[in-house]
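S.K.: Got a sequence here, can you model it:
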Amino acid sequence: MKKTKIGIIGSGFIADHHLYSYKLLPDVEIVGFCSILEDQAKKLMEKYDMNMELTKDYKEFFKKDMDAVSICLPNFLHKEVGMAALEAGKHVLIEKPLARNGEEGKALIDAAKKANKQIFYCENNIYAPAFKKVKQTIQEGAVGQIFMGRGKEQHSGPHSTWFYKKDMAGGGALVDLGIHDIALLVWFLGCDVEKVFCQTAITIPNRDEFGECEVEDTAVGILYFENGAQVTIEESWNSPGGYQMLIEIHGTDGEIICDPTRMTPMIVYSEKGYGYAVEKASSTAGWTYPVPEEAWTFGYPQEIAHFVNCIKTGKKPLTDGEFGLKIVQIVDAMYKSAESGCLEEVNY
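M.R.: You can find the predicted model right below:
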């Protein structure tokens, strides 16, 4: 069995999910690991029994014999490192967002076309079992014509400084959390967003060890779809209690409510607390909603398996670079609306 050779660049939270997912696949070989954060990287290498030399220079890293590279880096590095990987002849898996803005995203798409390589856009929620069932239910005609919907994601805020810095992240809760909801809603409705309205705010300007919050920690918006549907999104970094996501779809013949983080198979009450419940939950005392097999519930292994299959077969991925570009272009229009206070058209 010929194995697909994969390199990982980055050693944070998302790199952990990618490594876990790759390790489930017998036809994948991790052939390289790149990070400038040596201590953090070594912990991951030990966790996943990676007996290899850590590379710190990504340009040297891309000289290795690899079929594809998982880019698990801060937003401001997606364009630079992604283009370098493509130019080195590697397929690229890029975590959301594709880039800080549409201009950077377009540069990545152009580089992929020039190199004749694929960009696999990592939007894990589209591969999550609960949301796949939502899509299937819509396709089977359960709700009729969709005229309204809602997407909501919230937690208490990221655990890395770069998220809070405008030049590094490109934005705040909207591009971090809202981009998930927008991608899901575009996928569910199967048509484009024509116009948007958005308002943003900074509610907690001081983020302690992470410094000043330069980007929005709260965002609300309306997506106006070409089929006439009006869909709201609500995003926040100011909500304690752990990661929460919610999708509502309302149609002429029915409705769907999907909440993988609160409609969990088990609810726990504990006076003293216990180990781990869900991402971003600072405590497990009181009532909690532990998410079983979190990586699987959120779609990471399924996403990686799909991309590896596409590399082997040459098939077009469900979420490719063009899809990622479309989503970031919608986000661009929402930031423009937040500045203008007006409805804004999406420029694809």
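S.K.: Met50: how many residues sit nearby?
M.R.: 18 (other Cβ atoms under 10 Å). C-beta: built from backbone N, CA, C; applies to glycine.
S.K.: Check whether it sits in a helix, strand or coil.
M.R.: Secondary structure for Met50, judged by DSSP: H, G, I helix; E, B strand; the rest coil, is coil.
S.K.: correct me, but it touches Phe33?
M.R.: Yes. Between Met50 and Phe33 there is a contact under Cβ atoms under 8 Å: 6.0 Å.
S.K.: shared neighbours of these two, anything?
M.R.: Common neighbours of Met50 and Phe33, using Cβ atoms under 8 Å, 6 or more residues apart in numbering, are Leu44.
S.K.: Specify the residue ranges that define each domain of this protein.
M.R.: If you go by automatic domain parsing, the domain ranges for the chain are 4-125+300-318, 126-298+329-345.
S.K.: Reformat those domains as CSV; add mean pLDDT.
M.R.: CSV is the format used below for the domains of the chain (pLDDT from 0 to 100):
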stretch, mean pLDDT
domain 4-125+300-318, 97
domain 126-298+329-345, 96
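S.K.: And the residue nearest the centre of the chain, how far from His180?
M.R.: With distances taken as Cα atoms, centre = their mean, the chain has Lys96 as the residue nearest its mean C-alpha position (4.0 Å). The span separating Lys96 from His180 equals 7 Å under the rule Cβ to Cβ, to the nearest Å.
S.K.: who touches both of those two?
M.R.: Glu123.
S.K.: Tell me which stretches of the chain form helices.
M.R.: Secondary structure of the chain by DSSP state H: the helices cover 13-23, 38-47, 58-61, 78-87, 102-115, 129-139, 166-169, 173, 179-189, 294-297, 300-313, 321-340.
S.K.: Kindly present those as JSON lines, with separate columns for mean neighbour count and distance to Pro260.
M.R.: Shown next, in JSON lines, are these (neighbours: other Cβ atoms under 10 Å; distance: least, Cβ to Cβ, whole Å):
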{"stretch": "helix 13-23", "mean neighbour count": "20", "distance to Pro260": "16"}
{"stretch": "helix 38-47", "mean neighbour count": "15", "distance to Pro260": "25"}
{"stretch": "helix 58-61", "mean neighbour count": "17", "distance to Pro260": "34"}
{"stretch": "helix 78-87", "mean neighbour count": "22", "distance to Pro260": "26"}
{"stretch": "helix 102-115", "mean neighbour count": "18", "distance to Pro260": "28"}
{"stretch": "helix 129-139", "mean neighbour count": "16", "distance to Pro260": "5"}
{"stretch": "helix 166-169", "mean neighbour count": "16", "distance to Pro260": "25"}
{"stretch": "helix 173", "mean neighbour count": "29", "distance to Pro260": "19"}
{"stretch": "helix 179-189", "mean neighbour count": "24", "distance to Pro260": "11"}
{"stretch": "helix 294-297", "mean neighbour count": "17", "distance to Pro260": "6"}
{"stretch": "helix 300-313", "mean neighbour count": "20", "distance to Pro260": "13"}
{"stretch": "helix 321-340", "mean neighbour count": "22", "distance to Pro260": "20"}
